[in-house]
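# quick one, fold the following:
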Amino acid sequence: MPFNKDNAVSLGSKGGKATKPPGTVREKQLKVWLTPAEFDALSEKAKALKLSKAELIVRAVVAYKEG
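Numbers count the residues shown, from 1 in each chain. As a prediction, this is how the structure comes out:
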């Protein structure tokens, strides 16, 4: 379950610490170098789907099926 504005209140915080379930905490980073055209295309597609750019990339990778 991704952490978003719809479930933020239910996951909440306790004592200033996030209480999100461990499987939903995004604590890793991936730096991606894109051309301006690639970045614009990614931004437009994410906006059209009402997703963040990160969420769009994650969903695309999860849905990708090789050959």
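# what about residue 29, neighbour count?
6 (other C-beta atoms under 10 Å). From N, CA and C alone the C-beta is placed, and that goes for glycine too.
# correction: the previous question concerned residue 30.
So residue 30, with other C-beta under 10 Å, has 7 neighbours.
# same check, this time on residue 50
8.
# what does residue 54 give?
Counted with other C-beta under 10 Å, residue 54 comes out at 14.
# against residue 59, how distant is residue 49?
According to C-beta to C-beta, to the nearest Å, residue 49 and residue 59 sit 9 Å apart.
# just residue 22 next, same as before
Residue 22 is 21 Å from residue 59, by C-beta to C-beta.
# the two: which is more packed in?
Comparing residue 22 with residue 59 by other C-beta under 10 Å, the one with more neighbours is residue 59, at 13 against 6.
# ok, the more buried one to residue 52 distance?
Distance from residue 59 to residue 52, by C-beta to C-beta: 10 Å.
# which stretches of the protein have low pLDDT?
Across the chain, the ranges flagged by pLDDT under 70 are 1-3, 5, 7-20, 67.
# ok, 50 please
14-16 (pLDDT under 50).
# quick one, domains of it?
1-26, 31-67 (automatic domain parsing).
# so where do the strands sit in this protein?
Using DSSP state E, the strands found in the chain span residues 13-14, 17-18.
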